[in-house]
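In: let's see this in three dimensions:
(chains A and B, ligands or ions: 2)
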Amino acid sequence: MATQTGETAATSKRSFLRADAAQKLLAFSALIIIFIFFSLASPFFRTPDNVSSILVATAVNGVLALGVTFVIITAGIDLSVGTVMTLSAVMTGVAVTNRGLPIPVGIIVGLLTGTTAGLISGLMIARMKIPPFIATLGMMMIARGLSLVISDVKPIYFNDTPVFREIMMGSVVGALIPGLSVPNAVFILFGAALVAAFILGKTVLGRYAVAIGSNEEATRLSGVNVANWLTAVYALGGAFSGLAGVMIASRLNSAQPALGIGYELEAIAAVVIGGTSLSGGEGTILGTVIGALIISTLTNGLRILSVPQEWQMVITGVIVVLAVYIDIIRRRGK
Amino acid sequence: MSDYLVKMQGIDKSFPGVRALDEARFDLRTGEVHALVGENGAGKSTLMKILSGIYRMDAGQIILKDNEVEIPSPRAAQDLGISMIHQEINLMNHLTLAQNVYIGREPRGVVRFMLDENKLNAQTKELFASMRLNLDPRTKAADLTVAKQQMVEIAKALSFNSQVLIMDEPTAALTEAEIDELFRIIRELRNKGVGIVYISHRLEELKQISDRITVMRDGRTIDTVDAQTCSIDQIISMMVGRTIFEAAPEIPEKPSQDIALEVRNLNRGDVIRDVSFQLKKGEILGFAGLMGAGRTEVARAVFGADPVDSGEFFVNGELVQIKSPKDAVAHGIGYLSEDRKRYGLALGMDVEENIALAGFSKFLGRLGTVNQTAIRDTATHYVDTLQIKTPSVEQRVRNLSGGNQQKVVIGKWLTADTEILIFDEPTRGIDVGAKSEIYHLLNDLAQQGKSIIMISSELPEILRMSHRIVVMCEGRITGELSSADATQEEIMRYATQRRVLVSANGEPTNDQGIEQNGVG
Ligand SMILES: Nc1ncnc2c1ncn2[C@@H]1O[C@H](COP(=O)(O)OP(=O)(O)OP(=O)(O)O)[C@@H](O)[C@H]1O
Ligand SMILES: [Mg+2]
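Out: Ligands and ions are numbered 1, 2, ... in the order given. Below is the predicted model of the structure:
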């Protein structure tokens, strides 16, 4: 055993480049290329106003995708994030508009709603052993139904509380530094991403999410309470959905109970483009943010070029498949 | 206080359809190495999984240092100072070695839920150093060879500073040098008063390392004997419940001269370098070499499981394309992988489905319907002939003992009517009785005209079974011997023939190989 030092060191360095940096670099270059392409195609594309609206559009999907990243890293899936987001928005609306509670309380209600939904999904998966796909499919329908029931199928507007809209669309930075009116939405996204990166990289929860996704049985045999941690991961995912709920309510200045379906797929697409493996065990927050940016840049650019919405979907679909395929080829090369 | 660390009495455990343990008993003293032996499926792993909190016993008593204890979870076992190295490697491939070793016990940072990665790595480095294990704690587990992974598992178990350390076939994947190192560690721990349970099918090891030996059969404890005074033959007869006498080395009859498979100039990166060989009809060709010599890689290449850089395959004299396992199967080549868990078996499927898998087209009716009766008959046939220990052919393969899983893989390829069979470490983790059955089986197959490549790290096995022996080292073939005049020493000489020594014109081509030994 007295040998192999050099080799091991070299391998680990190579694997670091391979697994983490390479994927991010790839996704990042893709983002740049897409950006340059649209900039050349339309001068309007790169105006500050448009870039800002891309970022705002990324915010909601990005935050959803952050939560989904954790779930997918455990080799699970969460189909309920879109409708749970809506349910959280509705609950915030009920608290703030119908009950007249202060806005911070409304925000907390939204976050708790999402967390509770995630917690329940997690319990179904970890305790009742229902496969994640089914459990969260059920939660997706439950949350959608509840949103409609609670709101009486009508949007809840935040017209009495104009400050609420400022959460997303206002600009704290703009107030401090005139001329730099970056909407708060962007900071919320990056703040949430920092929190997510911290949880994934530096805390026990993140470590066990990776461990469970990598080899659940081995993790269990190591004495880790897999059921509890798995539940916690889904609850965390739910918390991000709750945050997204508050964000979308603020952005639309209303809770739209019919919204939500489709958001989960877009979030999953962002995660996957960002290099998180659906078979679990690997994934990065930076990757997910870049993935979300790619999707919204693409959507925005195609709209500016007046590509019909149907074709936008087709192109986004192709990009998702392509991104995953490139990732597979890259891995095979090792 | 008695000098018993652990006493297990009257342990019963049933799984659906299987009585895995039947009033089994076992005891362990402080500072002893207690070997646990028995045929595949005897219940060794099950008994120890009960002690380490993975299974709950149906009835029985566990006494730890005079107190009766309950062990409901792996965590509880750890807290009682019991840790176990499992038969199958259980690492999280995406985590680093340090993260793997201390999973569940990570050093925390200023805030409780934060991890202290630097401390984690430092701690692991220290642990590895104490084992003279030269690995970087920040390497990902996936980047290690199986042998090194096994060493990391051992390190992990040691890191608990347990009083009771259970090792379930720890040497199955290790090289000689690593086994020596492991034994050194075991002796050191024994001197510190740790009680060690040592499960192994390599009976020769027992004399070397153990103090007492307990033999199990059919879920029952047969006897506990002193390792020094009991002969291996006695142990074997207790294991199988009869005296089997080892047949003298039997070289099967001479093969014909027809060439079943020829491989020419096979190359794949660093791991396969210009490998060419011929396999005759009815021949058993042994592939010897140290672990990591590239034998498995050659097998996988011939089977189409990995892409190659260059090389030609001839089956029965005809040039064929083998780009995928499907092509290989179509040309009558079967591969029994050394890592059955990962490549050889669909663990979630049952015994009969696994046996039918590779030869599935045989069981299809004209309309593409599956002939379930034929599958059942075939599966039952192989369960009988290979003596696979399973309650029924409908048992999930996951629930079989390690050795019996191996037999299912063999049954699978026999069903597929393959003419060329590659056996990669076919007897790893297999008990003595089953081993000689597998040897007989190989002989029978060769006699029926099938051609066999047998990769094995056990030299006596290679010498005993093969007509010819090919020796590999560092991805190239360094020697070919006829088994009549081969000796272990000669094989070892070729197996360690590093590149410097074989460079054609006497010029050393590189200088790094020579002192390396047993490197994965
Ligand atoms: N989870 C399970 N479900 C059903 N049956 C099981 C399970 N685990 C073990 N068994 C059965 O219990 C018996 C004892 O198995 P065990 O794994 O303890 O054998 P072993 O002595 O360790 O054998 P080997 O040397 O092959 O590893 C076998 O018949 C096996 O099929
Ligand atoms: Mg076993």
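
In: so the residue most central in space within chain B, which of the three states?
Out: Nearest to the mean C-alpha position of chain B, by CA atoms, centre = their mean, lies B:R428 at 4.1 Å. Per DSSP: H, G, I helix; E, B strand; the rest coil, the local secondary structure of B:R428 is coil.

In: quick one: it and B:T296 touch, right?
Out: No - judged on CB atoms under 8 Å, B:R428 makes no contact with B:T296 at a distance of 11.9 Å. For every residue, glycine as well, the C-beta is placed using N, CA and C.

In: need the residues touching each of those two.
Out: B:E338 (CB atoms under 8 Å, 6 or more residues apart in numbering or on different chains).

In: show me what contacts A:S279?
Out: So A:S279 contacts A:A75, A:G213 (CB under 8 Å, 6+ apart).

In: report pLDDT for the residue nearest to the centre of chain B.
Out: Looking at B:R428, its pLDDT is 77.

In: now B:K148: phi and psi?
Out: Main-chain torsions, B:K148, degrees, to the nearest 10: phi -70, psi -40.

In: so how far is ligand 2 from B:R202?
Out: According to CB to the ion, to the nearest Å, B:R202 stands 14 Å off from ligand 2.

In: now that residue. Its backbone dihedrals?
Out: Torsion angles, degrees, to the nearest 10, at B:R202: phi -90, psi 90.

In: now the closest residue to it other than its chain neighbours. Its backbone dihedrals?
Out: Residue nearest to B:R202 in three dimensions, not counting chain neighbours: B:T171, with 6.4 Å by CB to CB, 6 or more residues apart in numbering or on different chains. Dihedral pair for B:T171: phi -100, psi 0, per degrees, to the nearest 10.

In: ok, B:T171 - contacts?
Out: B:I179, B:L182, B:S200, B:R202, B:E205.

In: tell me the pLDDT at B:S324?
Out: On pLDDT, B:S324 comes in at 89.

In: ok, now which ones touch the nearest residue to it once chain neighbours are set aside?
Out: Nearest non-adjacent residue to B:S324, counting by CB to CB, 6+ apart: B:G304, 4.6 Å away. Taking CB under 8 Å, 6+ apart, we find B:G304 in contact with B:I322, B:K323, B:S324, B:P325, B:K326, B:D327, B:A328.

In: now the buried members of the residues you listed.
Out: The neighbour-count criterion (16 or more other CB atoms under 10 Å in any protein chain shown) marks B:I322, B:P325, B:A328 among the contacts of B:G304 as buried.

In: nearest to chain A, of these?
Out: B:P325 (15.7 Å; CB to the nearest CB).

In: just the pLDDT for the residue nearest to the closest one when sequence neighbours are not counted.
Out: Of all residues not flanking B:P325 in the chain, B:G304 sits nearest, at 5.0 Å (CB to CB, 6+ apart). Note for B:G304: predicted pLDDT of 90.

In: just B:M57 next, same as before
Out: The model's pLDDT for B:M57 equals 94.

In: count the neighbours of it for me.
Out: Per other CB atoms under 10 Å in any protein chain shown, the neighbour tally for B:M57 reads 21.

In: quick one: contacts for it?
Out: Here B:M57 is in contact with B:I11, B:D12, B:K13, B:L21, B:I50 (criterion: CB under 8 Å, 6+ apart).

In: ok, B:Q395 touching B:E352?
Out: No - the pair B:Q395 / B:E352 is not scored as a contact, 9.2 Å apart, by CB under 8 Å.

In: the two: which has the busier surroundings?
Out: B:E352 (25 against 22).

In: residue contacts, that one?
Out: Here B:E352 is in contact with B:I375, B:R376, B:T378, B:A379, B:T380, B:V393, B:E394 (CB under 8 Å, 6+ apart).

In: for ligand 2, tell me whether stretch B:216-223 is touching it.
Out: No - Stretch B:216-223 does not reach ligand 2 (CB under 5 Å from the ion); its nearest approach is 10.5 Å.

In: span of that stretch from start to end?
Out: 7 Å (CA to CA, to the nearest Å).
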